[in-house]
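Asks: Curious how this folds, go ahead:
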Amino acid sequence: MIRVAGIDPGLAHTGWGVIEGSPNRVSHVAHGTINTEAGEVPALRLLKIYEALREVLSVHAPQLVGIETLYFARNRGSALPVAEARGVILLAAAQSGAECVSYTPLEIKQALTGSGRAEKQQVQEMVRVMLGLREIPDPDHAADALAAAICAFHMYQFSNALEGGAG
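Replies: The predicted structure is shown next:
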């Protein structure tokens, strides 16, 4: 059994989700978001994300953290603030002692649905089904974070299978 956290970076809303996985199943542990206010000083927003995520990682103690990489085809204006948020997220994750891995949105969609072109709703529905939840996790940033955690878990399983087969 391995505990995996997923993070969907954002300056206004950082989603997080925690799952546990074994060779035969994944299960939901917790999820939520870290929200900051637009009028707040940027440095204080980053500090809030960092401190809240450190608390989440301390409470849930994942061995692996999957973090979504940045994608800005449509909204290049938010690239720098989200990149800054991702920096403090990577710092908090590294300080937790967990192994940190990053995946593109395409890789996450591919891992959950089999298609890198899947719609957001399809990915969220797969999160619901895979984790045996009654409803799609809300808010959507938390659902995206759970998707990153599931992707990280599947890639971890795949990597372990390859290593086991090579020996």
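Asks: list the helices and strands the helix or strand where Val101 lies packs on?
Replies: Assessed by DSSP states H and E, Val101 sits inside strand 99-103. Helices and strands touching strand 99-103, by 3 or more Cβ pairs under 8 Å, 6 or more residues apart in numbering; DSSP states H and E, are strand 64-68, helix 79-95, helix 140-166. Quick note: C-beta positions are derived from backbone N, CA and C, even for glycine.
Asks: how about 10 Å then?
Replies: Strand 99-103 is packed against strand 2-8, strand 64-68, helix 79-95, helix 105-113, helix 140-166, with contacts defined by 3 or more Cβ pairs under 10 Å, 6 or more residues apart in numbering; DSSP states H and E.
Asks: Relative to Asn35, which of these is closest?
Replies: The closest of the helices and strands packed on strand 99-103 to Asn35 is helix 140-166. By Cβ to Cβ, the value is 9.0 Å.
Asks: And the helices and strands packed on strand 99-103, which one averages the lowest pLDDT?
Replies: Sorting the helices and strands packed on strand 99-103 by mean pLDDT places helix 140-166 lowest, at a mean of 88.
Asks: quick one: that helix to strand 2-8, angle?
Replies: Angle, helix 140-166 to strand 2-8, by axes from the mean of the first three to the mean of the last three Cα atoms, to 10 degrees: 140 degrees.
Asks: re the thing from before, spell out which strands sit alongside the strand holding Val101 in the sheet and which way each one runs.
Replies: Partners of strand 99-103 in the sheet, by DSSP bridges, are strand 64-68 (parallel).
Asks: Run the chain-centre distance for the partner strand.
Replies: In this view, strand 64-68 has its centroid 5 Å away from the chain centroid, taken as Cα atoms, centre = their mean, to the nearest Å.
Asks: What angle do helix 79-95 and that strand make with each other?
Replies: Using the same axes, to 10 degrees: strand 64-68 against helix 79-95 is 180 degrees.
Asks: Tell me if I'm right that Thr14 and Ile34 touch.
Replies: Yes. Counting by Cβ atoms under 10 Å, Ile34 is a contact partner of Thr14 at 4.4 Å.
Asks: where do the contact lists of the two overlap?
Replies: Ile7, Arg45, Lys48, Ile49, Tyr50, Ala52, Leu53, Val56, Ala85, Ile89, His141, Ala142 (Cβ atoms under 10 Å, 6 or more residues apart in numbering).
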